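> Dropping a prediction and its sequence here:
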Amino acid sequence: MGHLLNEPIRAEHDPAGRLTAYEWRGARYTVDAVLKTYGAAADTRIYRVRITGAAGPAVAELGRDADRWRLRHVFSA
């Protein structure tokens, strides 16, 4: 079961524009893999990603609306 959060995050990208990490509540989480993306518009997408943080691995769902990012859900791995 996942935790619904819907909180803003600061996303980090590499020079090619790929999502590499994000910061949430003062902690940094590394994006290990993008598992799935979906959404109708090119600038409005949902990303399901495998992450690693201080508490270990997890799966997170991130929402992007233009340049604003939100952490939607976190699932234990």
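Now that the structure is in, tell me what you want to look at.

> Tell me which residue lies nearest the centroid of the protein.
For the chain, residue 62 is the residue whose C-alpha lies nearest the centre (C-alpha atoms, centre = their mean; 3.7 Å).

> show me what contacts the residue nearest to that residue when sequence neighbours are not counted?
Take residue 62 and drop its neighbours on the chain: the residue closest to it by C-beta to C-beta, 6 or more residues apart in numbering is residue 47, 4.6 Å away. For every residue, glycine as well, the C-beta is placed using N, CA and C. By C-beta atoms under 8 Å, 6 or more residues apart in numbering, the contact set of residue 47 is 19, 34, 36, 37, 61, 62, 63, 64.

> what mean pLDDT does the helix or strand containing the fifth one have?
Using DSSP states H and E, residue 61 sits in strand 56-65. Strand 56-65 shows an average pLDDT of 92 in the prediction.

> again with stretch 7-25
Stretch 7-25 carries an average pLDDT of 94.

> Give me the contacts around that stretch.
Outside stretch 7-25, the residues within contact range by C-beta under 8 Å, 6+ apart are 28-31, 34, 47, 49, 62, 64, 68-71.

> picking up where we left off before, list the pairing partners of the next helix or strand after the strand holding residue 61 within its sheet, with orientation.
Counting by DSSP H and E, the next helix or strand C-terminal to strand 56-65 is strand 68-76. Strand pairing for strand 68-76, determined by DSSP bridges: strand 3-13 (antiparallel), strand 56-65 (antiparallel).

> which one of the ones you listed lies closest to residue 41?
Judged by C-beta to C-beta, the one of the strands paired with strand 68-76 that comes nearest to residue 41 is strand 56-65, at 9.0 Å.

> List the contacts of the closest one.
Contacts for strand 56-65 (C-beta under 8 Å, 6+ apart): 2, 9, 11, 19, 22, 29, 32, 35, 43-52, 69-77.
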